[in-house]
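> Quick one, fold the following:
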Amino acid sequence: MTTRGSSGHVLPLAPFGQACLRAGHEVLVAAQRQHRANVERAGLAFSPVGDPPEHEWKPLLGQFGQLGIEAANELMIGEYFARIDTRAALPGLIAIVEDWQPDVIVRESWEFASTLVAEMCGIPLVRVGLGLAAVEEAAIRLASAALDEQRAVIGLPRDPAGDRLRDTPYFTMVPAPLEDPAAATPARAHRFAHGRPAGGPATVPLTDWWPGNDDPLVYLTFGSVTAGRHLPYFPAVYRVAIDALAPLRARILVTIGDHRDLGELGPLPPNVHAERWVPQDAVAPHAAAIVCHGGYGSTLGALRHGVPLVVLPLFSLDQWANAAAVARAGAGVALDAELGTRRVLGLPGTATLDELAPAVERVLTNPSYRREARRIGDATHALAPVEAAVDALVAISAQAGPRRSAPPRRYAACTGACTGERA
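Okay, the predicted model is just below:
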């Protein structure tokens with residue numbers, strides 16, 4: 001399995017890797033060295049590839065912060081993921097593949113070095129989606145130019161439109177009713193379910209941080225990355241959200257991730273409790289609503305449990321797409337009016353933040369949101385279980401042609417391109 005390695009990229013892969021382990025197969029995850037903890041937290045074996053060098057990505061940050069949401073997404077996928085990450089990962093990934101000789105490579109869709117290595121070595125490749133079909137197609141379009149340049153360097157046939165990226169089996173946990181009906185479905189798509197049925201029994205007890213208080217539980221999470229020191233959202237957006245929601249007749253659970261200190265939030269109202277990390281599957285069965293930024297894991301995790309959402313997108317275009325999908329399905333409220341005006345690292349405006357508490361109140365009091373969230377959850381759990389993906393991977397591997405090692409010429413060209421030397 002191959003991934004950039006940040007939490008939001010590992011989590012969609014993890015259920016497939018864990019299912020393979022349960023079935024008795026060997027699983028190795030290749031990811032950037034800096035993200036070892038994210039892979040090992042998922043219970044998967046880790047092997048490092050190169051981190052993107054600071055002298056390549058740091059100069060992009062100033063430019064990145066001045067862009068709007070859509071332009072920043074183009075820069076991030078086309079330049080950072082497809083060019084900088086790919087160059088850094090290629091030598092290590094080639095070495096791992098030549099040493100480990102995998103039967104199949106399973107990649108998350110914003111990791112691109114594996115698309116080149118799999119073709120070089122004649123290994124079947126499977127793509128695991130990180131979002132809606134429309135987001136997947138946009139990523140292919142944005143990455144294809146940078147990857148085509150690298151293909152030319154290492155002697156692979158040109159692919160300017162990204163057709164080879166599309167022409168692989170596609171695994172996703174997004175249920176069809178959540179997709180944009182105007183978006184094309186990827187060819188060779190396989191949809192799988194993960195987790196307990198919506199509305200089923202709560203199997204993981206939740207700590208009672210509010211003894212004697214049985215008000216509805218609202219879970220506030222902006223994912224595992226948002227509080228990072230390289231982003232401007234913590235504690236500012238967290239604190240504004242806490243102060244907006246605290247007057248509601250509700251218990252508020254806030255999680256911030258591992259990057260910052262809980263004390264930076266300041267004194268909390270009596271009905272608000274903050275933790276670094278609580279598994280979402282432990283919270284969702286108890287939650288009346290979830291407030292999130294529209295990340296893949298947060299959004300699908302809530303809907304898998306039939307919990308309605310209020311989505312406040314922050315910094316990535318897929319968050320805005322997920323917010324729109326939730327609203328389109330009637331499973332929650334999207335606070336997404338600033339898509340065309342906010343800079344990518346800008347804070348949500350006052351008018352948007354003023355809508356947060358009324359949106360949560362609406363979701364808590366209107367049963368249609370929970371009804372539609374449960375409809376999406378039911379559609380999720382009607383899919384084939386994730387264990388069925390193991391059989392699909394075995395079948396894909398069995399259909400492969402003869403294996404080959406990467407030709408020395410290509411390896412030298414790749415190594416030279418990635419280190420700045422001439423091959």
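> in the stretch 1-150 of the chain, which spans are helices?
7-22, 36-41, 54-65, 69-75, 86-100, 113-121, 133-154 (DSSP state H, counting those that start in this stretch).
> Lowest average confidence across the ones you listed, which one?
When these are ranked by mean pLDDT, helix 54-65 comes last with a mean of 87.
> buried ones in that one?
Glu56, Trp57, Phe64 (16 or more other C-beta atoms under 10 Å). Using the backbone N, CA and C atoms, a C-beta is placed for each residue, glycine as well.
> Hmm, Leu44 and Ala14 touching each other?
Yes - using C-beta atoms under 8 Å, Ala14 makes contact with Leu44 at a distance of 6.7 Å.
> So for these two, which residue has more residues nearby?
Neighbour comparison, Ala14 and Leu44: the larger count goes to Ala14, with 24 against 21 (by other C-beta atoms under 10 Å).
> who are the neighbours in contact with Ala139?
Ile77, Ser109, Trp110, Leu130 (C-beta atoms under 8 Å, 6 or more residues apart in numbering).
> try it again with 10 Å
With contact taken as C-beta atoms under 10 Å, 6 or more residues apart in numbering, Ala139 is in contact with 73, 76-78, 81-82, 109-110, 112, 129-131, 162, 165, 317-318.
> Is there a quick ChimeraX command that grabs whichever of these are buried?
What follows is the ChimeraX syntax selecting those of these that are buried according to 16+ other C-beta under 10 Å:
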select :73,76,77,78,81,82,109,110,112,129,130,131,162,165,317,318
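> contacting residues for Leu142?
Contact analysis of Leu142 by C-beta under 10 Å, 6+ apart lists Asn73, Glu74, Leu75, Met76, Ile77, Gly78, Glu79, Phe81, Ala82, Gly162, Leu317.
> hang on, isn't the first one packed against Arg141?
Going back to what we said before, that points to Asn73. No - under the criterion of C-beta atoms under 10 Å, Asn73 is not in contact with Arg141, lying 11.1 Å apart.
> residues shared between the contacts of Ala14 and Leu44?
The contact sets of Ala14 and Leu44 overlap at Met1, Thr3, Val27, Val29, Asn38 (C-beta under 10 Å, 6+ apart).
> and the third one, what is it in contact with?
Contacts here follow C-beta under 10 Å, 6+ apart; on that basis Val27 touches 1, 13-14, 16-21, 43-45, 102, 106.
> And it, how far from Val326?
Using C-beta to C-beta, to the nearest Å, Val27 is found at 32 Å from Val326.
> do the same with the second one
Per C-beta to C-beta, Thr3 is found 25 Å from Val326.
> Compare these two and say which is more crowded by neighbours.
Thr3 (31 against 28).
> Any idea how many residues pack against Pro15?
Neighbour number of Pro15 under other C-beta under 10 Å is 21.
> Look up how far Ala373 lies from Pro367.
From Pro367 to Ala373 the distance is 10 Å (C-beta to C-beta).
> do Gly349 as well
Taking C-beta to C-beta, one finds Gly349 at 27 Å from Ala373.
> Pick out whichever of these two has more residues nearby.
Comparing Gly349 with Ala373 by other C-beta under 10 Å, the one with more neighbours is Ala373, at 27 against 12.
> In the helix or strand containing the more buried one, which residues are buried?
Ala373 belongs to helix 367-381 when assigned by DSSP states H and E. Neighbour counts using 16+ other C-beta under 10 Å place Tyr369, Arg370, Glu372, Ala373, Arg374, Arg375, Ile376, Gly377, Ala379, Thr380, His381 of helix 367-381 among the buried residues.
> pretty sure Pro270 contacts Ala246?
Yes - the pair Pro270 / Ala246 is scored as a contact, 8.7 Å apart, by C-beta under 10 Å.
> And those two? Which one has more around it.
Ala246 (15 against 9).
> So which of the helices of the stretch 1-150 of the chain is nearest Tyr296?
helix 7-22 (6.2 Å; C-beta to C-beta).
> before we move on, back to that, of the contacts of Val27, keep whichever come out buried.
Using 16+ other C-beta under 10 Å as the burial test, these include Met1, Leu13, Ala14, Phe16, Gly17, Gln18, Ala19, Cys20, Leu44, Pro102, Val106 as buried.
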